[in-house]
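Asker: Need coordinates for the below:
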Amino acid sequence: MSRRKTPANKRTPADKRGLPAVVGAELARPCLRLLLVAICTARPLLPSEGVSWIGDGGPFNLMLLLLAIGYLLLALVQGGLSRRLDLIDGAVATFVGLCVISAIIVGGAGSPRFAMNMLWEWVGFGLLFFLVRQLIRTSREARALVAVMIALAFVLSADGFYQVFVGLPANRAAYAESPDELLRSVGQWYPEGSSERLAFENRLQSTEPLATFALTNSLAGFLTPWLLALLGIIWSIVASLRGQEATANEASTRREGRLGLLRVLALGLCALAISACLMLTKSRSAYVAVLIGMLLLPFCSATLMRRFPWKVALSGAVAVALLVGGALLVKGLDAEVLTEASKSLGYRLEYWEATLGMIADYPWLGVGPGNFQDYYTQYKLPQASEEIRDPHNFLLEVWATAGTFAFVVFLEILGLFIWRTLRAVTPAATLVETSDSASPVETTRSVAFMFAGGATGMFAAFLLGPLVGWIFSEERMGCGLILGAIVIALLWPWVIRGNLPSRLPAVAAMALAIHWLAAGGIAFPGVAYSFWILLALGLNQIEPESKMNRPGHQVTFARVAIFIAIVALCASATACYLFAFVPVFRLRVAMAEVEEARQKSPNSPAIGVMLLDAAKADPFSVEPWTVLAELEFERLMRDPARIQSHHQLQNATVRMLELRPHSSSIYRQIGYWLMQIFERDHTADVDKAAVASLKSAVGLYPNSANLRAEYALALRTAGELSQAHKQAEAALRLDGQTPHADKKLPPSLKQQLHDFQAEN
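Answerer: Numbering: from 1, shown residues only. Reported below is the predicted structural model:
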C-alpha cells in the first residue's frame, strides 16, 4: 500500500505557520513545563494552612495565571489546545466558578480578605488541573512529573527526621535553659502559667514531624499519595525485570537484572524512609488511606495483577514490622495512636454534626470560602473540643463553604473520575507514546527541563520564604537538592523507558481523598496541589490517543474561544495582582515596620499613623485595625484622663466589625475593652455598649461557658440582674457539659458566678 504524498505546491498547516513559529513553539513548551513543575515543587515547601487569613498564596496564583496565559498564547499560535476538553474539564471549570461566585457574594459579607484569598486559591487549583492536562502530553512527561513529586516527598521526609531527632530536642534544651528568650525569638512570648504558654510547651514536647507544614496531618496528607506512587513504581519495575528474564538472553539478563535489583533496593529504602516519616506523624487517617491504597495497587494495571511480586510484598511486610518496632523504640509511636482513635473519631463526629447545622442554614452558596471558622462557633456543640478552621472532612468543607451547587458538581467530578478509571481497559500506553519515540537528545532535553523545574521550585521557595515569614536556609536548600537529585537519579531509567501503571495516579488520588475524609485539607494548597495533579494525570493516563489534538487542525471557533480565554485570564491576572498580591504584600511590609517601631518606642504617636497607612494598603484586612484598637486601649489604660474621648478606639472597633461581622472573638475582645474602660472610669458611658458587644459575641458562640460568664458579669455591672442570673446559670451548665479542661471556667471566675447566684 503506497503512502500518499503531499503535493509540492501545497503546504501543510505547519508549513503555513513558518519554521520560526514552529521552532519557537517547540522551545516554549518545555519552558512552560519547567515553570509548571517549579510551581508544583515550591508550594509544598512553604506552609499553606493559613493561606486564607495570611494570603501567602498570592505569588503562586499569579504565576499560575501568567503560565496559563502563556500556554494559551502557544495554543493560539499552534492552532489549538493539546488535548480536547470534555465533560470533566467543564465540571472542574464549573466547580471553580461556583466557588468564585460564593466567595464574591457570600464571602464578601463575611470576612472579605479571607474570602478573596481563597477565591484565588480555587482559581489556582482549577488552572493547575488545566495546565497538567494540557502540558503533560506524553507518558514520559507524566513519569518525570511523578518522579519530581516523589523526590520532593523524600526531601520532606528527611526534613521531618531532622526535626524529630535534632531540631526539636535542641529547641527543648534551649527552652529549658531560657524560656522567655526563646519565646521572644520566635515571636510567641506569653506570661508564665498562661494557657498559651502551656499550649506552646505541649507542642514543644511533641515528637511528631511537621517538615514545612503547620500540621502533622498536612505532612501525612502530602506523603500518602506519593508513597503509594513510589510503591507502584517499584512493583512495575520488578514486574518488568521478571518479564525481561523470560525474553532476554542470559548475559544481558544477568547484567540488567543486577542493576535493576540494586535500583529496586535503593528505591525500597526511599519508600522505607517516607513510610517511617509518615508513621511518625501518628495520622490515623493516613494509615488507613495507605493501607487501602496498597490493597488497590494490584489493580493499577493488568501487568501488576499477572506478576505479583510475593518476595517484594513479603519484604515490605517485614519492613513495616521493623518500622513499627523502631517507632515504638524511639517513642515516635505509642499505644495512644490506637487507644485514642475512638476519641478522635468522636471529636470529628461533633465537628461534622455542627457543620451539617451550618449547611442547613446556608444551603445554596455556603458561608463563603475562608469564612468557616467565624461561622462555626455559632454551631459548635457544648462538648466539642476546639474552634476549628475546617470541618476535617473535605466533602463537608466544600458543601459548607461553597454551597450545594458546588458540592453536587464536585461529586460529579469525583464520580466521573472514578467511572472512567474503572471502565478503562487500555494499558498505560494511552498517552501519546509516539512522542516517546523521539530522538534520545530530544527525550533527554524534555525530561531534563522538568527536573530543572524541580530544582527551580526549591530555589523559588528559598526566595519566597522570607516574604511569608518562613526561613528556608541555604543548608536546608542544599541538602534538599542533593537528596532530590539522588532520588531522580534512581528513577531516571524508569522515567526514560519505564511504565506508569495506568490506574496508579487514580489510586494515589483516592488514597489522599480517603485521608481527607477525616483530616480535611482540600483548601491547603501545599497538599491540595497533589490531588489536582493526580486527578489530571489519572485522566491523561486512561484517555485514548484520539483525545489529543493535532496542531493546526482547529476550526476558527476554537481560535476565537482561546482568544476570549486569554482576555479573561489577563483580566483575572490584573485583578489578582491589584486586589490580592499587592495589598497583602504591602500590608505585610507595613505591619513589619509597625512591629519594629513598637519595639523601639512602644508609646510613639507615629505608630498610629503607620497603622492607618497599613489599613490603606489593604482595605480588606482587619489586622491593622485590630492592632490600632489594642494600641489605643493600652493608651487609655495608661492615661485615664483620655477615657472620656475614646473616638479612635471606637472608630477602630467599628472597622473591625465591618471586616469580620461574624467573628465572636472580635465582639468578645471589644466587649472586654469597653468593660475595662468602664471599671477604670464609671463616668464613661460605655457599659451599655460593652453589654451589647458581649451579647453579640454570645449569639455567635452560644455554647462557650467562659463567654457566657463574662456576659453575665457585664450584665451585673450594668444593673441587668435578671438577665445576669440567666447567663450565669447557662455558663455553669455549659461548664458541666464540656469535658475539656481548657474550655472549663477558671476556678476564680466560677466562684464569682456561684457567689453572684447565692446573693439572691
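Asker: What number of neighbouring residues does Asp742 come out with?
Answerer: Using other C-beta atoms under 10 Å, Asp742 has 11 neighbouring residues. All C-beta atoms are positioned from the backbone trio N, CA, C, and that covers glycine.
Asker: Help me confirm that it is found in a helix?
Answerer: Yes - Asp742 forms part of a helix when assessed by DSSP: H, G, I helix; E, B strand; the rest coil.
Asker: measure it to Gln751 for me?
Answerer: Asp742 sits 19 Å away from Gln751, going by C-beta to C-beta, to the nearest Å.
Asker: Let's test this: name the helix or strand in the protein with the lowest mean pLDDT.
Answerer: helix 13-17 (a mean of 44; mean pLDDT, DSSP states H and E).
Asker: Surely Pro382 touches His740?
Answerer: No - the criterion here is C-beta atoms under 8 Å, and Pro382 misses it with His740 at 10.3 Å.
Asker: Looking at the two now, which is surrounded by more residues?
Answerer: A direct count of neighbours by other C-beta under 10 Å for Pro382 and His740 places Pro382 higher, at 17 against 11.
Asker: Surely that one is within a strand?
Answerer: No - assigned with three-state DSSP, Pro382 falls outside any strand and is coil.
Asker: Where does the prediction get shaky in the stretch 351-500 of the chain?
Answerer: The model of the stretch 351-500 of the chain has pLDDT under 70 over residues 425-443, 469.
Asker: Do a quick rundown of the strands in it.
Answerer: With DSSP state E, counting those that start in this stretch as the criterion, the stretch 351-500 of the chain has no strands.
Asker: Which parts of the chain belong to which domain?
Answerer: Domain assignment for the chain, taken from automatic domain parsing, gives 16-554, 587-759.
Asker: starting at the chain centroid, how far to the shortest one?
Answerer: In this case it means domain 587-759. Offset of domain 587-759 from its chain centre (C-alpha atoms, centre = their mean, to the nearest Å): 32 Å.
Asker: now the first one
Answerer: Its chain's average C-alpha position is 9 Å from that of domain 16-554, according to C-alpha atoms, centre = their mean.
Asker: looking at the domains of the chain, which is closest to Ala571?
Answerer: domain 16-554 (10.0 Å; C-beta to C-beta).
Asker: If I look at the closest residue to Gly498 other than its chain neighbours, what pLDDT would I see?
Answerer: Leaving aside its sequence neighbours, Gly498 sits nearest to Arg143 (C-beta to C-beta, 6 or more residues apart in numbering; 6.3 Å). We have a pLDDT of 96 for Arg143.
Asker: Now Arg143: which helix or strand?
Answerer: Per DSSP states H and E, Arg143 falls inside helix 139-162.
Asker: Could you pull out the helices in the stretch 601-750 of the chain for me?
Answerer: Per DSSP state H, counting those that start in this stretch, the stretch 601-750 of the chain carries helices over the ranges 606-617, 623-638, 647-659, 664-680, 687-700, 705-717, 721-737, 747-759.
Asker: Can you give me the neighbour number for the closest residue to Leu223 other than its chain neighbours?
Answerer: Distance criterion C-beta to C-beta, 6+ apart; nearest residue to Leu223, sequence neighbours excluded, is Leu278 at 4.7 Å. Leu278 sits with 26 neighbouring residues when counted by other C-beta under 10 Å.
Asker: in which helix or strand would I find Leu278?
Answerer: With DSSP H and E as the criterion, Leu278 is inside helix 250-280.
Asker: List the buried residues in that helix.
Answerer: For helix 250-280, burial by neighbour count (16 or more other C-beta atoms under 10 Å) applies to 253, 256, 260, 263-264, 267-268, 270-280.
Asker: Stretch 706-719 now?
Answerer: 706-718.
Asker: State the phi and psi torsions of Ile215.
Answerer: Let me fix one detail, which is that residue 215 is Leu and not Ile. phi -130, psi 140 (degrees, to the nearest 10).
Asker: Correct me if wrong: it contacts Glu49.
Answerer: Yes - look at Leu215 against Glu49 with C-beta under 8 Å: they come within range, at 5.7 Å.
Asker: Please, where are all the helices along the stretch 401-550 of the chain?
Answerer: Under DSSP H, counting those that start in this stretch, the stretch 401-550 of the chain gives helices at 404-423, 440-464, 474-497, 504-519, 525-542.
Asker: tell me what the shortest one is packed against?
Answerer: Contacts defined by 3 or more C-beta pairs under 8 Å, 6 or more residues apart in numbering; DSSP states H and E place helix 504-519 against helix 216-247, helix 284-296, helix 394-402, helix 404-423, helix 525-542.
Asker: Alpha carbons of the shortest one, as PDB, please.
Answerer: If I follow you right, that is helix 394-402. Output in PDB follows, covering the C-alpha atoms of helix 394-402 (Å, rounded to 0.1, in the frame of the first residue of the first chain):
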ATOM      1  CA  PHE A 394     -13.200  17.700  52.500                       C
ATOM      2  CA  LEU A 395     -16.700  17.000  51.300                       C
ATOM      3  CA  LEU A 396     -18.400  18.800  54.100                       C
ATOM      4  CA  GLU A 397     -15.900  21.700  53.700                       C
ATOM      5  CA  VAL A 398     -16.800  22.100  50.100                       C
ATOM      6  CA  TRP A 399     -20.500  21.900  50.900                       C
ATOM      7  CA  ALA A 400     -20.400  24.300  53.900                       C
ATOM      8  CA  THR A 401     -18.200  27.000  52.200                       C
ATOM      9  CA  ALA A 402     -19.200  26.900  48.600                       C
END
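Asker: do you know how far the residue nearest to Leu223 is from Tyr347?
Answerer: With the distance defined as C-beta to C-beta, Leu278 ends up 22 Å from Tyr347.
Asker: quick one: contacts for the residue lying closest to Cys277 once chain neighbours are set aside?
Answerer: Once flanking residues are discounted, Cys277 sits nearest to Ser157: 3.7 Å by C-beta to C-beta, 6+ apart. Taking C-beta atoms under 8 Å, 6 or more residues apart in numbering, we find Ser157 in contact with 211, 223, 273-274, 276-278.
Asker: now with 10 Å?
Answerer: Applying C-beta atoms under 10 Å, 6 or more residues apart in numbering, we find Ser157 in contact with 209, 211, 219, 222-223, 226-227, 270-278, 280, 483.
Asker: ok so, going back, overlap in contacts, Leu215 and Glu49.
Answerer: Shared contacts of Leu215 and Glu49 (C-beta under 10 Å, 6+ apart): 521, 524, 527.
Asker: could you check the angle helix 504-519 makes with the helix holding Arg143?
Answerer: Taking axes from the mean of the first three to the mean of the last three C-alpha atoms, to 10 degrees, helix 139-162 and helix 504-519 form an angle of 40 degrees between their directions.
Asker: Can I get helix 139-162 in CSV? Just the C-alpha atoms.
Answerer: The C-alpha coordinates for helix 139-162 follow below in CSV (Å, rounded to 0.1, in the frame of the first residue of the first chain):
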residue,chain,number,x,y,z
SER,A,139,3.8,9.2,29.2
ARG,A,140,7.4,10.1,29.7
GLU,A,141,6.5,13.6,30.8
ALA,A,142,3.9,12.1,33.2
ARG,A,143,6.6,9.8,34.7
ALA,A,144,9.0,12.8,35.0
LEU,A,145,6.4,14.8,37.0
VAL,A,146,5.7,11.9,39.2
ALA,A,147,9.4,11.4,39.8
VAL,A,148,9.8,15.0,40.9
MET,A,149,7.0,14.8,43.4
ILE,A,150,8.3,11.6,44.8
ALA,A,151,11.7,13.2,45.2
LEU,A,152,10.1,16.1,47.0
ALA,A,153,8.3,13.7,49.3
PHE,A,154,11.6,12.1,50.2
VAL,A,155,13.2,15.5,50.8
LEU,A,156,10.3,16.5,53.2
SER,A,157,10.6,13.1,55.0
ALA,A,158,14.3,13.8,55.6
ASP,A,159,13.4,17.3,56.9
GLY,A,160,10.9,15.6,59.2
PHE,A,161,13.5,13.3,60.6
TYR,A,162,15.8,16.2,61.2
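Asker: All good on my end, thank you.
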